[in-house]
Every structure is written in C-alpha cells, then in structure tokens.
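Below is the structure, and that's it, no one-letter string:
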C-alpha cells in the first residue's frame, strides 16, 4: 500500500560547511564511491587468480556417509576439490568461534544445519567452480533435527554436538543477572504485575555486499595476504594465526571498501578459511564470494530470543521491578561475538531508562540445527533484544494501567542528578538527561494533537497507532579489566603522523563499512590540532599499516577509537607545545592554544601554527633538550567505562482495517549521542537504523520449516524494506556529553536499530487497542496483524 | 560465442560463453567494477546499468543479449573530473554510505531525471523501489535527487537567460 | 552470485524463424524475453535448458497495443512499462495500469513482457489474473504460420504449465470490448513493494442503463492457477450495483478459492482477502464504469 507523496523539497541542509573540526562536512570517501572507483573484495583481481565455490548441506541434520569428488575433479577448469577429510589430515577441520566454542570448517562427521559447508571446489573461473559443485556426490543419512527451540532440552531431543566430548544434551549455557530474591520480594508487594511472552525472531543483517575473501599465500615469503570482508581485520589476523598456524607477522589482512556490515562481517566464516587453504593447496590466489542465499542461510544471524517479561508497578504507575526468563537459540555452534564474560552480550541493560527497585534475568541458551551466529544486525551486543523487551513490557503496563505511555515513561525516568547511575543489574550509566529528549520528540511529533486525531479516527472505525520507545544503550566495549574477545582486550590503537608541511596521516585499528570514518576521524584530528580535514588522510583496514585494535562493531568506533584519535592528537599537541615554546622563546606556561596555533599569552600577534611547528620538527636546527625530531604519536586506548547514548522515538502508523496492511506514516527520532562530530553522518546513521527497524518490525524474519529448511534463503523471501515502506524520517537531537570520553562522544551507529523496532510495534499494538490487543509479535505482516485483530495473535515461532 | 557491444561509448568485442551474465561481462571481462551485484534473484538492484538508455538489472540480462546494444555504467556518468549532477547531488545530501548500492541508484535516478526533471518525493521513491539500500533509509537518496532536480533547473534557467540576453 | 549451467545462446530474428529454431531444437530449448523469471530460476539451477532463444529482437514485431472497436490486441513482447504507460490502454482497461503499478519494480518492468509473464504461469502472477478478469484469449503460433486461439482457462494447464507447445510461441493477447460503459480495477495485497501477491483480485464490469450486463472477477495466489470465478458473474448479471451485491460477490470469491498457508499468510487470511479485494475492485470498477 503506497501513498505517493506530492512534496517537492527545494530547501537543503548545507552539509558543505568545511569545518576545521566538528560540523556538517561532505564525506571524503564519496569521491571514489560515486565514480564506481571503490574497491570492494570482489573487485580484487590478481594474476592467475582462481575461484572457489562451496558445497553446502541440503539437510539440517544428517550423518555424512560418503563423499565422491572424482567427477568434480575431472570437471573442466577444476584445480582442487577439498572435503572435511582433507582438512582433518591438516588439522584444520575445526576452528574456534568467537565464543570459545568450535565450528566445523568443513563437516567431517555430520552436518548440523542446512547450508553448512561440506566441500569446496577451486577452479579457473566462478562458473566452472559452480558447475563442479553439481558433480560432487554426497551420501547423507538424515537425522531428526532440533528446530523448535522450546524442545531442544527435552530428554529425547537428538544431540547436535556429538563432537563435544561427554555432551549429553543441547545446552550451551545458563546465565543470570540481578537479584532473584529481592526481585521476587518487590513483585510480591506490587499493586500490578503484567506479563507477556515476547519473541524477537531470528533476523539477518544482509548487507548489500555479501561476505568473501581473496587469499594469496606466497610460499617463498611464507606470507599470506587476505583481502576480506571484515569489520575487525586485526582480530581476524590473530585468529588466523591461531587457526592456520601461520605466524602473525606473516599474515596481512586487508579490508578494502566494505559494502555494509551491520555485524554480519564480524565472525570468521569457514569460507574465508577455505580461500586460505585453497591458495596454499593450489599455489595461486583464490577468491571466494558467497552468493546471497549462502549469506542468508549460513552467516551470522541475529536475535532469536524467546523472552518472558514481567513488570511490577504501583497503581499510580511507579515501575518497581522487571524480571525476565529468556530462551536463546544459538544455532548449531555458539558463534556469538560477545565479550567472554558476557555470553548474553549486554542484555543486562534490560532495565532500560527507568529507576527500579529490583531486576532479575535468567537465561538458557541452547543448540539447534540452525546456522550459528547471534550477535549481529547493529544490535549493540544484544541491547536490541533488551530494549525491545523493556519498551514492549512498559507499553503493556501502560495499557493495563490505562495510562498514556509517554506519561508512564516520564514518571519513571532515572533523573539527571542520579548519574552516574548504577542499575540493578550492575551497569554504570555515565550520563543522561532523559526528560528533555522525550519532550523534544513529543513536541516534534505534536503528540497531543496526534492523540486527538487518533481519538477522532477511532470513533470512525479507523485504525491509527502512536508508538513510543525510549532507549538507553551501552556502547563502546570496553574496559579491558572485564571485556575481552578470546582473550584479546577490547582496546583500540591510533597512530598520527604530521608531515613536514603540516599535512597528516592518521592510522586506525577500526574499519568503516560505510560509517564515514575517513571523514569523522579527520574531523576529530582537525578539532584537536586545527589542521583542515582535507589535509588529513585516514588509513584503516590494513593490518600491516595500522595499529592493533578490535575493530568496528557494537557502535564502538567513536567511543573507543574516536577517543584514541583525540588523545593521540593531544599527545602531538603536547609535543608541539614544547617546540612552540622554543620557537617563540617563551615558557610553555606562557602559551595559549587557539585551534591550529600556539600564541603568546597577552600577545596574540606572536604565534606559530601547527604547520610551522611540523616543519620545524623535521627541519634544520636544534630542538629543545630531550625532544626528538618528528611530530607523531601513537596510543592504545582502554576505555574506562562504556558510553550510554539514549533516545526517544515516536512512530505513527495507519492500518487498513480491511486488509490489515500497516503503513508507517511518520517516524520521529530524537537521539542523544553526546558530542556530535559530523551531524550529517549522524543523521545518516540514524536513518539507516530506522529503516532496519521497519524491516524487523514489519517484514524481516529468517524462518524454518519443521525439517530445518530455511525459508528466508533469498531476497525474494527475506524481505528488506524499500523506499516505499519507509517514511521521510524526522530527526532531532539533544546533547549530553559522556563525562569520561575525551571529546564527550557516545556512539550512534546502532541507536536507531535498537530503538526503532519497539516504537513501531508499540504503534501497531496501539492501533489495535480497539480489538483488545496488548501484545503482538514481530514481524507484523498483514496476515499476522489480521490474526491479532481477531484475538488470535500467535508467536512467529 | 562472440559478442560486440558499446559500453560507455567504446565498442568492445569479446569471446564469451552464452550463459555469461552482463554484470560479469562488465566486471570480470571489461574490468568495470563500478557495477556491483548483491543477490541471485533480481531483487536488490545494485547491478543496475542502462541498456539502450533504460535501467536494467544486469544480473538478469545475458551479456549476449546486450550484443549490438549500448550499455552505460556508473563509470560513464562523470565527464572527466566533473561529476554528473546526480553524483554531486548524492555527495551533497549524503545519499550514500557504504557505496555498494550507489552505482545502481545513480543510474536509476539519472534515468528518472532525464524523463522527469522535477519528480515528487513519491515519484522518486517509486523509481528506486526495485533497489535496496541498507545504509541510508532512503530519505537522503530522495533528497539527493531533489537537490539535483533543483540545481539542474537552475542551470537550465541560467542558460536560457544567457541565450535570451 | 549464482550462475546458470551452460547453454547455447540463439537469437531469434523473426517469429517464424524462432518457431523454426524451436522445431529444430525441441524441448531442450526455451524462449527468453525479459528473463526476470527464467534467469533467476536457471541461476538457482531450478531450471536447465540446452538452448535459450532470445526473442528480444521480436519486440518490433510483437510489441504493440492496438485498439479496434471490438477488441484490444496486445503483442506478447509488450513490456510491462509499456502497458503501464499506455494511456489508450488505461482509458479502456484501467485494470492494466492498476496492476502494472504493483508488478515487481520499475526496473524489472523495463524488461519483463506480457507474454513472458503469462507463459511463466505462476499462480501468483498478476497479469494472468488481469487477463482472466478481462476474458482475454491467447494467440499461439506454431510451425507453418498455424495460429490457434485459446481462452485463459485453456491457456493455463497447471502451475507453471501452459498450452503453448514445444514449437509454439504465444504471440498476442486479445481482449474483447463489450460495451462503452465498462470499468475495471485491480488490487493487490503484498508484504512489501515488489513482492509476489499475498492475494490479488481483478474485477471488470459492463453496465447498461445502470444494470450490470456482465461482470468478471479474477484472483491470483489463491489456488493452483489464477482463477476466474463464473459464479460471481452469474450472481452479478442483471442487477444494479450495490454494496450488498459486492458482499455477495466477495463471499463467493472467498468460498470459491483454494489458498494455502505459507510465509505470505494464512489460508484464512487469504480467503478473507479474496472477499475484501473482490468487493474493493468491484466497487472501483463500477465507479469507473459510471464515470
């Protein structure tokens, strides 16, 4: 159902303000991307390069009886056919996952999900490689699969992980947070308790560029060069060193332009390892690019939480406690990318933005015969699930109390003077001022007017809904004292060199997948040193040429690497000050920093610019005692805490009462990500996340039939919103800087993906109020909305 | 088989298999990697190029079908160092982030403006509805096209004024 | 990206030459026009042919929309975009424009053809429902220039199966023009723009002095093939249009169709939509016939 708008915009935001520092600025990376001169992994062409294709399991659970590769080996152009048995001989059949589990590189004993890697072919071109797959003859003995997650722990459930010694069930982990007893006590005293079973279905980040790699192993140098679609090149390099036994200094991981990541490109997939093995075996560069169905059926999915939520409150709407019981589907291997001590990611922030007396969560994670993954799709380490849970159950409480959902939230916010605020699950929120953000969103929406319109429409039998969500995120993982992935601390490096003419190059450990790092990081350096962003080159995505760090996911680039960039610039500035004092022949105490230059206190006419100083550091003549030549610095930044962005979102929907189609009419997003570096880029990040929210709330879902066949294996079946399902986003902002971040920035990459699904679902449920609907699960397709209208809402799994 | 086609004004003759897809011909045979691909089922639209002036999904056109025809790709948009106004519009209005869907979007939006120099928001959204962008949420793409429309109209008017004078 | 298995490419230069090729190559050959249904299936290796015969050059011969007093003739190579943009077609049968606005997406519509859509014979395909609604007939040409004309019911043999033989080509669709006061409309519910229909309905009515002389309803995605429902025509003929009458038609549509539950929706919901969309399209068709 499309409503073609007649508007013709003629006024445009001036994004070309050429700031020396923060402000709206056009992106540096656009010059190549607009001309088709980006360099993505599939654009890499090396002399003699071969192509790799993967044979995948058609079954969710089956024993491999035999594999006959002879016909494939004889197929035109084929250079190698590799099976799990081959890898076993090399000790490479299994590899570690990011959650200290193991995952099959190629299946040896049995296959555990539809789409699992069984064999690969290396051939002269991609067509030949694909043809040869048809000729591999695999005999399977099909086993009963575990598809219904609720039955995974039943005593007679088939055991999936027979590879793990002594494993007698499909249990992955139990996890608990908060105080169970205290929460029970508070619940017992509450006036009102509301309970809902809430499902966050399995979805997929599906970046427009699929995953892939080009491996080029040089047997003479013993060096592996790997171009790959990775959000975390340095972490991947370390893991390849561990998996493949190649010394770390002999591995160069290059992440060139990346066509979107959203968490999909954090894990190491078997295909990357295949290309490495393929290159070692053939002595040639080998390219693997997965096709779309491979991407959807085998790579990192997201969510898949079944949550029982309970909220306790007083009759006048004071929220007292929240508790939840979660069943988590982790697929066939625990491939979740989360800090080791956080098996459920940061789900612990399910207490939301509210001042509670108690909270408790109990979680059980299980194996099923589905693809591995879990943390992806801009989820901020499971904060999407947490925010959805709290914002949905708060709305259910508003319904029960017959209170306006905005009023209920305003009544329960953590107050500005309570920050830093320790939640009942132990998270220390750094800063926040929630009410102004909420009020601004309500003002932009014309909230009271919308409610009046809704009342009129309801009287006429029309279905209009207004949905609110208010979220607090925890991003920027994280302090190394309690956060690591596979033993690697979650710090990030930054290196800055100022050339003699005052131009600069900054090298990052994080890696953009579209977020605009080449611009934002140049602006951070510019803000600190007064060098125009155009004069600053940002290098990233090449492990040979950038400092170590854990990469870009969980909205951590600005909170962690952004802090590193600011601090490395300050280090350079400190050194520059020493040189300036020599150049101006005054003591450092007599110097003032005005962006881009030091000037003598009380005598602004006497100054030297950062460019003058740079030349001096590389030039002739002595430097002050103890000062080395050159103007450069390096840093490894360990954040002292996470940062906690927040936001208020309001969504307006209309539902066709006859067909149950949902139309998102308006979406208002007010974000507070602390200090704003480039508002244009921030708005872009928000817009993208809001579209994700429309997708998840209304159409996206990876579902399975009872045999474990994936029903969302192409973009014909896995629906992603187009320009016709998404409205013109209305964005606003407030600024509450982070007190512990050097520039006060908090991170924005995932806020909208986290915050928007509950706003949309709340709006749909609000529209269905006349039918007595208090909850309905995503995805709210017309058919599922129609079920809800008839009081027959069902969970999607 | 042999195929001859004109791409961005240059004629190319190459020996290919009948099954080769146009997108692979452009990328792998001619090395024009600006055109991308993103699905198997002609749903995503990142592979859009022009065939005889019409946007088509090059993953669903055989290279052989383009024989004797004219193809235009994103590499053929800019005039040397000077960006096409639609490219400038995308730059000015942040119409791209990762840049993967951008070449296809640019080709579609250029074609739209050639047919309809002053499109409404609804018409722009309809025109790009066969193409998926995961990054921008589309609003900034709509703005980019409007920016281009407004600036191209200004340029036309300025030209007319000069002509009249 | 997935790629098709090897095949030989042939390019047809005329309809008769294409038929000659088909005669020579038999069942191992397949015609390809827009290719937007066939090529994805071949890429996913759900379909495999030794020869593909490209008939895009036949657009000159088979790409047309011709109106005469008694009928409209549309060439099988007429592209979706041409059907959408044709003002003359929208004038006599606005159902085409309604449907074309929601078929696939604008880029696919630049390439896809009427004939290709009908020959794919997908039960969810919209133009088949349109043609069924309009009581169209299909012209099939075979060797030696032999032509036969079949109704839509005869044309659709089963899901993905048509009456077109191995050495034949669908060349034209003929739609009768019955009366001046004709109106038609199409409605589709989809999960997202460009998706296949959850359910679609088309309706056409012909009025004379305020009464319905004839009416037809065609549905897509609610049975093995796009479905015309004669019982609705019988129930509407001779009556003055009214909400009550549309309700009767909707109820017949709901009970006459045979939907299945799938990821697009439950069978119950689809049955409901058959009712709802039948009423909506009839209402719109009558409104158009009157104006």
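Looks like it came in fine. Keep in mind that this is a model prediction, so the values were computed, not measured.

Please make it C-alpha for all contacts and neighbour counts, starting now.
OK.

List, one by one, the residues from chain A near chain C.
A:1, A:127, A:130-131, A:289-292, A:658-659, A:661, A:699, A:711, A:716, A:719, A:721-722, A:724-725, A:781-784, A:786-787 (Cα under 8 Å from any Cα of the partner chain).

and chain B, which of these reach it?
A:291-292, A:716, A:721-722, A:724.

Domain map for chain C?
C:8-57, C:59-176, C:182-290 (automatic domain parsing).

out of these, nearest to chain A?
domain C:182-290 (4.9 Å; Cα to the nearest Cα).

Any idea how far apart the tips of the closest one sit?
Domain C:182-290 has its terminal residues 8 Å apart, counting by Cα to Cα, to the nearest Å.

for the strand or helix carrying residue A:580, what is the average pLDDT?
Here residue A:580 sits within helix A:563-584, counting by DSSP states H and E. Average pLDDT, helix A:563-584: 98.

Point to the residue nearest the middle of chain B.
residue B:107 (1.3 Å; Cα atoms, centre = their mean).

What residues of the longest helix seen in chain B count as buried?
Ranked by residue count, the top helix of chain B under DSSP state H comes out as helix B:139-164. The neighbour-count criterion (16 or more other Cα atoms under 10 Å in any protein chain shown) identifies B:139-152 as the buried residues of helix B:139-164.

Okay, now the unreliable bits of chain B?
Applying pLDDT under 70 to chain B picks out no residues at all.

Return the residues in contact with the closest residue to chain B within the stretch 651-797 of chain A.
Relative to chain B, the nearest point of the stretch 651-797 of chain A is residue A:688 (4.3 Å; Cα to the nearest Cα). Contacts here follow Cα atoms under 8 Å, 6 or more residues apart in numbering or on different chains; on that basis residue A:688 touches A:752-753, B:134-138.

could I get the residues you listed as JSON lines with secondary structure?
Output for the contacts of residue A:688, formatted as JSON lines (DSSP: H, G, I helix; E, B strand; the rest coil):
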{"residue": "A:752", "secondary structure": "helix"}
{"residue": "A:753", "secondary structure": "helix"}
{"residue": "B:134", "secondary structure": "coil"}
{"residue": "B:135", "secondary structure": "coil"}
{"residue": "B:136", "secondary structure": "coil"}
{"residue": "B:137", "secondary structure": "coil"}
{"residue": "B:138", "secondary structure": "coil"}
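
Looking at those, which one is closest to residue A:57?
Nearest to residue A:57 among the contacts of residue A:688 is residue B:134, at 28.6 Å by Cα to Cα.

which residues sit in contact with the closest one?
Counted by Cα under 8 Å, 6+ apart, residue B:134 has contacts A:207-208, A:260, A:688, A:691-692.

and of those residues, the nearest to chain C?
Once Cα to the nearest Cα is applied, the member of the contacts of residue B:134 that ends up nearest chain C is residue A:208, at 12.2 Å.

Which helix or strand in the chain has the lowest average pLDDT?
Chain wasn't specified; assuming chain A. strand A:373-374 (a mean of 86; mean pLDDT, DSSP states H and E).

looking at chain C here, not the other one
For chain C, judged by mean pLDDT, DSSP H and E, that is strand C:227-228, with a mean of 79.

which neighbours does that one have in its sheet, and in what orientation?
strand C:211-220 (antiparallel) (DSSP bridges).

one step back: tell me which of the domains of chain C sits most buried.
domain C:182-290 (a mean of 22; mean count of other Cα atoms under 10 Å in any protein chain shown).

the helices in chain C, which residues?
Secondary structure of chain C (DSSP H): helices located at C:15-25, C:38-43, C:59-62, C:80-85, C:87-92, C:94-101, C:106-109, C:114-120, C:126-133, C:152-155, C:230-236, C:243-256, C:267-290.

hang on, the earlier thing: rebuild the contacts of residue B:134 as a markdown table, extending it with pLDDT and secondary structure.
Shown next, in a markdown table, are the contacts of residue B:134 (pLDDT from 0 to 100; DSSP: H, G, I helix; E, B strand; the rest coil):
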| residue | pLDDT | secondary structure |
| --- | --- | --- |
| A:207 | 98 | coil |
| A:208 | 98 | coil |
| A:260 | 98 | coil |
| A:688 | 98 | helix |
| A:691 | 98 | helix |
| A:692 | 98 | helix |
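
correct me, but residue C:196 touches residue C:190?
Yes - assessed by Cα atoms under 8 Å, residue C:196 is found in contact with residue C:190 at 6.5 Å.

sorry, back to before: quick one: residues in contact with the least confident helix or strand of chain A.
Residues outside strand A:373-374 that contact it (Cα under 8 Å, 6+ apart) are A:299-304, A:330-331, A:333-337.

which residue does chain A bring closest to chain C?
residue A:291 (4.3 Å).

What is the neighbour count of that residue?
21 (other Cα atoms under 10 Å in any protein chain shown).

Check residue B:10 too.
Neighbour tally, residue B:10, other Cα under 10 Å: 10.

and if you look at residue A:459?
11.

how about it, what does it touch?
Contacts of residue A:459 (Cα under 8 Å, 6+ apart): none.

circling back: so which of the contacts of residue A:688 comes closest to residue A:282?
residue B:134 (36.5 Å).

Can you say which of the contacts of residue B:134 are buried?
A:207-208, A:260, A:688, A:691-692.

Which single one of these is nearest to residue C:280?
Using Cα to Cα, the buried ones among the contacts of residue B:134 come closest to residue C:280 at residue A:691, 30.4 Å.

what comes up buried for stretch A:148-166?
A:149, A:152-153, A:158-161.

How about the contacts made by residue A:608?
Residue A:608 makes contacts with A:580, A:583-584, A:597-599, as judged by Cα under 8 Å, 6+ apart.

make it 6 Å
Counting by Cα atoms under 6 Å, 6 or more residues apart in numbering or on different chains, residue A:608 touches A:597-598.

Would you mark the buried spots in the helix or strand where it lies?
Applying DSSP H and E as the criterion places residue A:608 in strand A:603-609. The neighbour-count check on strand A:603-609 (16+ other Cα under 10 Å) flags A:607-609 as buried.

when you compare where the very next helix or strand once past that strand runs with where helix A:563-584 runs, what's the angle?
Remark: after strand A:603-609, the chain's next helix or strand is helix A:610-618, criterion DSSP H and E. Interaxial angle, helix A:610-618 versus helix A:563-584 (axes from the mean of the first three to the mean of the last three Cα atoms, to 10 degrees): 80 degrees.

picking up where we left off before, looking at the buried residues of strand A:603-609, which one is closest to residue C:236?
residue A:609 (87.1 Å).

Pretty sure that closest one sits against residue A:595.
No - counting by Cα atoms under 6 Å, residue A:609 sits too far from residue A:595 to count as a contact (9.0 Å).

What segments of chain B are strands?
Ranges of strands in chain B, per DSSP state E, are B:2-7, B:10-15, B:48-51, B:54-57, B:70-72.

Tell me which of the ones you listed sits nearest to residue A:573.
Comparing the strands of chain B by Cα to Cα, strand B:48-51 comes nearest, at 48.1 Å.

Show me which positions of that closest one end up buried.
Residues B:48-51 are the ones in strand B:48-51 that count as buried (16+ other Cα under 10 Å).

what helix or strand does the nearest residue to residue B:126 once chain neighbours are set aside sit in?
Spatial nearest neighbour of residue B:126, chain neighbours left out: residue A:724 (6.6 Å); criterion: Cα to Cα, 6 or more residues apart in numbering or on different chains. Following DSSP H and E, one finds residue A:724 outside all helices and strands.
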